[in-house]
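*Asks:* Give me a model of this one.
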Amino acid sequence: MLTFKHPSKEEGEVLLELDSKVYSSTWQVDPKFVDRLFSINDKTHIIVKNDGVVKGYIGFIPLPKEIYDKVLRQEIDEDLIVDHVLPFYGDIYLYAISILVDTNDPLRKLYSKCLISKVPCLLELYQGLGANIKEIGLIAVTKKGQEIGLSWGLSPSEYVNVDGENFAVLRGKPDDVIRNIRGHKRAFNTGSLFDGVKITS
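*Replies:* You can find the predicted model right below:
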C-alpha cells in the first residue's frame, strides 16, 4: 500500500538522500534549509511511502513575486529563499522545487505517477487555506522534469545559465495545471490528497 503525507523533519533527511542520488551538488539544498523550511511551513511537500519507507516527494514553496522571479532566474541562492517563505494565504507564487522518486526502485514510475496525480489535490488544499496562487514555476534541471512541466501546461519563459549549462524556466497558472493533470490521457485517480493507493500486479 502506498501512503501519502506531509513529511516530518526527520523524514526531511530522507528527501535529501533521494536528492543526492539524482541531482548534482549544484541543485542539492542544505540540510539546514529543509529543517528550517518545515519549521516555517510544514505543508510545502507531499511524500509517498511504500510499506512505511519514503520513496519520493514533490514540493511547492510559496514566495512573494520578487523572490520567486529571482530564484527562477538564479539571481538568489536557493538556500536563501527560506527567509522569504510565505504561509498559504493571500497572493503567492509557487516555486516547484522538485519532484523526485527513488530511481533504484522498480516501482519508480508508479510513485511518480501517483505523486503527479496528487498535485491538483495539493493545489486545492493551498487554495482552501486561503492562498491565491498567481503562478507556478520551475527550473527544468532534467529532461524528465521539462517533460513533466510541459505536460502540466507550463510554458517556457526563459533560460538560465548555471555552470555553463542552460536550463529552461517554465511558468503557468494553477487552473491550467489542475486541468491538464486531471485531463491527461494517463491520468491516475488516487482519490483525495491523503488517500492511499493499493499496489496491484
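
*Asks:* Okay, now stretch 184-198: how far is its last residue from its first?
*Replies:* 21 Å (C-alpha to C-alpha, to the nearest Å).

*Asks:* So which bits of that stretch are buried?
*Replies:* T190, L193, V197 (16 or more other C-beta atoms under 10 Å). Every C-beta, even on glycine, is put in place using the N, C-alpha and C of the backbone.

*Asks:* same check, this time on stretch 168-175
*Replies:* Applying 16+ other C-beta under 10 Å to stretch 168-175 flags A168, V169, L170, R171, G172, P174 as buried.

*Asks:* again, but for stretch 106-120
*Replies:* For stretch 106-120, by 16+ other C-beta under 10 Å, it's L107, L110, Y111, S112, K113, C114, L115, I116, S117, K118, V119, P120.

*Asks:* Tell me which stretches of this protein form helices.
*Replies:* Secondary structure of the chain, counting by DSSP state H: helices at 9-22, 31-40, 65-72, 108-128, 143-151, 174-183.

*Asks:* Which one of the ones you listed lies nearest to G137?
*Replies:* In terms of C-beta to C-beta, the element of the helices of the chain nearest to G137 is helix 65-72, at 5.0 Å.

*Asks:* Spatially central residue for this protein, please.
*Replies:* Against the mean C-alpha coordinate of the chain, by C-alpha atoms, centre = their mean, the closest residue is G59 at 2.9 Å.

*Asks:* and the closest residue to that one other than its chain neighbours, what does it touch?
*Replies:* Nearest residue to G59 in three dimensions, chain neighbours excluded: H45, at 4.1 Å (C-beta to C-beta, 6 or more residues apart in numbering). By C-beta atoms under 8 Å, 6 or more residues apart in numbering, the contact set of H45 is H6, P7, L15, F38, Y57, I58, G59, F60.

*Asks:* go with 7 Å
*Replies:* H6, P7, Y57, I58, G59 (C-beta atoms under 7 Å, 6 or more residues apart in numbering).

*Asks:* Any chance of the residues you listed in TSV with pLDDT as columns?
*Replies:* Compiled in TSV, the contacts of H45 are given as follows (pLDDT from 0 to 100):
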residue	pLDDT
H6	93
P7	90
Y57	90
I58	92
G59	93
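
*Asks:* Kindly indicate which of those lies nearest L150.
*Replies:* I58 (16.4 Å).

*Asks:* Tell me the pLDDT of the residue lying closest to the closest one once chain neighbours are set aside.
*Replies:* Nearest non-adjacent residue to I58, counting by C-beta to C-beta, 6+ apart: I99, 4.4 Å away. I99 carries a pLDDT value of 86.

*Asks:* Can you report how many residues neighbour I99?
*Replies:* 21 (other C-beta atoms under 10 Å).
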